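**Q** Task: produce atomic coordinates for the following.
(one chain, ligands or ions: 1)
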Amino acid sequence: MPRSEPAEEEGNLPHVIEKTADPAGVRSPAARLAESRGRPSCMCLDVLGPPRAQRDEVPPPPEQPPLAALPSGWLSHEAAPLELDFGCHRGIFLIGMARQHPGSNFLGIERQPARVARCLAKIGRLAIANAHAVAGEGASSLRGLVPAASVSVLHVSFPDPWPKRRHAQRRLVDAEFLDEARRILRPGGSLRLMTDDAPYFATMCSLTSSGWQEIDWDDGRDYVRTSFEKRFLEQGMLPFRRALQPL
Ligand SMILES: C[S@@+](CC[C@H](N)C(=O)[O-])C[C@H]1O[C@@H](n2cnc3c(N)ncnc32)[C@H](O)[C@@H]1O
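**A** This next block holds a predicted model:
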């Protein structure tokens, strides 16, 4: 099962992760591993949990409403740069970025309609003109919604890791998704991938080892932290990150 949202998964760390840098105060992978052995882990809970067949059942994705159109004018020639937050959850990053960067438009795509509704309600409440959210599922939502060469930055932060090998084909970032990312990015546009899951990150690196070039993660802009990023940082863990441009 993918992880639940932060508030619902307290004390239930999904994985031991490696770190990409070593600032003071960040615990080493070995320390984290030792620590994880001293408390109930996901694996322990799995052992104590329901029978395997039941555990492996994956709920179907929520029924998706038809893809909604983007706000009018967002795709015109004179439109502000468009950034996509794929899997925007409750909109912390989406809305934070829109407020911080009023010169760009921010579109969240999210498979859970209730979360989309929550984002839209907040966007409406705060009267933010440069943020919007739509329901969409995986690469097909990009195909149905986002024209070619229209996106400046595609953010994919903490996509569900599906850590069991037999579930790996359910991961969002795969060859099909990357083809869509390549199609929708403008010349000079970038894809920013972030995850806490080492095997998933290795797959992301392998899938982008040709046809993409890695660029500096730090591009001089201020980035709002996503909900999951905040949570992992608070626990002393650094996510894996990769910024890429299509070749
Ligand atoms: C682990 S959460 C990360 C949320 C947020 N990006 C962050 O970093 O805090 C993953 C989010 O992606 C959404 N999601 C998962 N698979 C998806 C898919 N195939 N298409 C669209 N959204 C998806 C989930 O519903 C969830 O809100």
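**Q** quick one, phi/psi of the residue nearest the centre of the chain?
**A** Centrality entry for the chain: nearest residue to the mean C-alpha point is residue 157, 2.6 Å, by CA atoms, centre = their mean. Per-residue torsions, residue 157: phi -110, psi 120 (degrees, to the nearest 10).
**Q** Likewise for the one 5 residues further on?
**A** Backbone geometry at residue 162, expressed as degrees, to the nearest 10, gives phi 40, psi 70.
**Q** Likewise for residue 104?
**A** Residue 104 adopts backbone torsions of phi -130, psi 160, taken as degrees, to the nearest 10.
**Q** Over to residue 213?
**A** The phi/psi pair for residue 213 (degrees, to the nearest 10) reads phi -120, psi 140.
**Q** how far out from the middle of the chain is stretch 174-191?
**A** Computed by CA atoms, centre = their mean, to the nearest Å, the chain-centroid distance of stretch 174-191 equals 15 Å.
**Q** Quick one: the helices in this protein, in order.
**A** Assignment of helices within the chain using DSSP state H yields the ranges 29-37, 42-48, 52-55, 92-100, 113-125, 138-145, 175-184, 198-207, 227-234.
**Q** I'd like the distance from stretch 94-101 to the chain centre, please.
**A** Computed by CA atoms, centre = their mean, the separation of stretch 94-101 from the middle of its chain amounts to 16 Å.
**Q** before we move on, what about stretch 137-146?
**A** Relative to its parent chain, stretch 137-146 has a centroid offset of 15 Å by CA atoms, centre = their mean.
**Q** gap between the residue in the chain that the ligand sits nearest to and residue 135?
**A** Nearest to the ligand, among the residues of the chain, is residue 87, at 2.5 Å (CB to the nearest ligand atom). Where C-beta positions appear, they are placed from N, C-alpha and C, glycine not excepted. Distance check for residue 87 against residue 135: by CB to CB, to the nearest Å, it reads 12 Å.
**Q** Between the two, which contacts overlap?
**A** Both residue 87 and residue 135 are contacted by 109-111, under the criterion CB atoms under 8 Å, 6 or more residues apart in numbering.
**Q** could you pick out which of the residues you listed are near the ligand?
**A** Restricting the shared contacts of residue 87 and residue 135 to those touching the ligand (CB under 6 Å from any ligand atom) yields 109-111.
**Q** May I see the residues you listed organised as TSV, with pLDDT added?
**A** Putting those into TSV (pLDDT from 0 to 100) gives the following:
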residue	pLDDT
109	97
110	97
111	95
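**Q** So which of those residues are in strands?
**A** Counting by DSSP state E, these place 109-110 in strands.
**Q** Filter the ones next to the ligand among the shared contacts of residue 87 and residue 135 down to the buried ones, PyMOL style.
**A** Below is the selection syntax for PyMOL that covers the buried ones among those, with 16 or more other CB atoms under 10 Å defining burial:
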select buried, resi 109+110+111
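**Q** Among the ones next to the ligand among the shared contacts of residue 87 and residue 135, which one sits closest to residue 243?
**A** For these, the residue nearest residue 243 by CB to CB is residue 109; the value is 19.3 Å.
**Q** what's near enough to touch that closest one?
**A** Contact partners of residue 109, counting by CB under 8 Å, 6+ apart, are 84-88, 133-136, 141-142, 145.
**Q** how about the residues of the chain near the ligand?
**A** 3, 87, 89, 109-112, 115, 136-138, 157-160, 172, 226-229.
**Q** from memory the residue nearest to the centre of the chain sits against residue 87, does it?
**A** Yes - counting by CB atoms under 8 Å, a contact exists between residue 157 and residue 87, whose distance comes to 7.1 Å.
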